[in-house]
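In: no sequence on hand, only this structure:
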């Protein structure tokens, strides 16, 4: 996810150009399936999230006075951060599928995400027993990866991914029911009111963002096949640290809050 004319990245680009969408090229170097621009975009989302969470922590410790649940400054940022990150999830899945991601590689990554989601639930239950995270961003990603993996087997055309994404995005505004308000069912997203929790990223409407990301990723692959010269071949020097951060987004997500909390507690 840099050499413009040689090396693993060039091998990946050539494989995409030669292979139709229904053929999965076999690469000797799995790292060649990464695209720096997508990793850098994910890195932007991670940095933005860290700044947001640092402000949240400052508020928790009483160092600033903000309402992160109702003030548009903060609710809008949260929506933008989650949207950006889930778009990258969809794009990444589309590129991985086009490059022949094996079932073993998919399930290994899925277990990492699901395991970290379980750790987040356990940690927040210990810290915030009344508002612990039962279905946050990692829980949502784990569920959405399963849905996307299933839909890949149906070989849906790219426009249909976009249409299904629009349906998923609009579903919670068109229909809600109290049966989905319980903690055991609110993961669906068709709730009549938002649950009391530190993080909430239900399947609907957020699956729609991932689906749009899949459509965008498929469009990128098709563009590379039809017009290779338009594909970005090198990452600017200023973007390379972001790309590196984007490659280790799960580790960064799991570690940044304990570090921030620890620093603030030491400072106090």
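Out: In hand now; what should we look at? Worth saying up front: this structure is predicted, and the values here are computed from it rather than measured.

In: neighbours of the residue nearest to residue 152 when sequence neighbours are not counted, how many?
Out: For residue 152, ignoring the flanking residues on the chain, the nearest one in space by Cβ to Cβ, 6 or more residues apart in numbering is residue 97 at 5.4 Å. C-betas here are computed from N, CA, C, even on glycine. For residue 97, the neighbour count with other Cβ atoms under 10 Å is 19.

In: so when I look at residue 97, I'm seeing a strand, right?
Out: No: counting by DSSP: H, G, I helix; E, B strand; the rest coil, residue 97 is not found in a strand; it is helix.

In: correct me, but it touches residue 155?
Out: No: between residue 97 and residue 155 there is no contact under Cβ atoms under 8 Å: 10.4 Å.

In: hey, where'd the helices end up in this structure?
Out: 8-18, 36-60, 72-98, 103-127, 137-152, 158-174, 203-226, 240-247, 249-267 (DSSP state H).

In: list the buried residues in the fourth one.
Out: The neighbour-count criterion (16 or more other Cβ atoms under 10 Å) identifies 106, 113-114, 116-117, 120-121, 124 as the buried residues of helix 103-127.

In: in JSON lines, list these along with distance to residue 66 and pLDDT.
Out: Below are the buried residues of helix 103-127 laid out as JSON lines (distance: Cβ to Cβ, whole Å; pLDDT from 0 to 100):
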{"residue": "106", "distance to residue 66": "39", "pLDDT": "96"}
{"residue": "113", "distance to residue 66": "30", "pLDDT": "98"}
{"residue": "114", "distance to residue 66": "32", "pLDDT": "98"}
{"residue": "116", "distance to residue 66": "27", "pLDDT": "97"}
{"residue": "117", "distance to residue 66": "27", "pLDDT": "98"}
{"residue": "120", "distance to residue 66": "23", "pLDDT": "96"}
{"residue": "121", "distance to residue 66": "26", "pLDDT": "97"}
{"residue": "124", "distance to residue 66": "20", "pLDDT": "94"}
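
In: want to throw these into JSON lines with distance to residue 78?
Out: Listed next are these as JSON lines, based on distance: Cβ to Cβ, whole Å:
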{"residue": "106", "distance to residue 78": "28"}
{"residue": "113", "distance to residue 78": "20"}
{"residue": "114", "distance to residue 78": "23"}
{"residue": "116", "distance to residue 78": "19"}
{"residue": "117", "distance to residue 78": "18"}
{"residue": "120", "distance to residue 78": "16"}
{"residue": "121", "distance to residue 78": "19"}
{"residue": "124", "distance to residue 78": "16"}
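
In: tell me how many other residues surround residue 147.
Out: The burial count for residue 147: 15, using other Cβ under 10 Å.

In: how many residues are close by the nearest residue to it once chain neighbours are set aside?
Out: Setting aside the residues directly before and after it, residue 147 is nearest to residue 207 in space (Cβ to Cβ, 6+ apart), at 6.2 Å. Neighbours of residue 207 under the rule other Cβ under 10 Å: 25.

In: again with residue 185
Out: 15.

In: need the per-residue pLDDT for the residue lying closest to it once chain neighbours are set aside.
Out: Distances taken as Cβ to Cβ, 6+ apart put residue 179 closest to residue 185, at 6.2 Å, once the chain neighbours are dropped. On pLDDT, residue 179 comes in at 95.

In: who touches residue 216 in this structure?
Out: Residue 216 is in contact with 87, 90-91, 94, counting by Cβ atoms under 8 Å, 6 or more residues apart in numbering.

In: for it, give its distance to residue 37.
Out: When Cβ to Cβ, to the nearest Å is the yardstick, residue 216 and residue 37 sit 12 Å from each other.

In: cool, residue 119 as well?
Out: With Cβ to Cβ as the criterion, residue 119 and residue 37 are 30 Å apart.

In: what of residue 103?
Out: 27 Å.

In: which residues does residue 205 contact?
Out: Counting by Cβ under 8 Å, 6+ apart, residue 205 has contacts 168-173, 189.

In: can you lay out those as JSON lines showing pLDDT?
Out: Listed next are these as JSON lines, based on pLDDT from 0 to 100:
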{"residue": "168", "pLDDT": "98"}
{"residue": "169", "pLDDT": "97"}
{"residue": "170", "pLDDT": "97"}
{"residue": "171", "pLDDT": "97"}
{"residue": "172", "pLDDT": "96"}
{"residue": "173", "pLDDT": "95"}
{"residue": "189", "pLDDT": "97"}
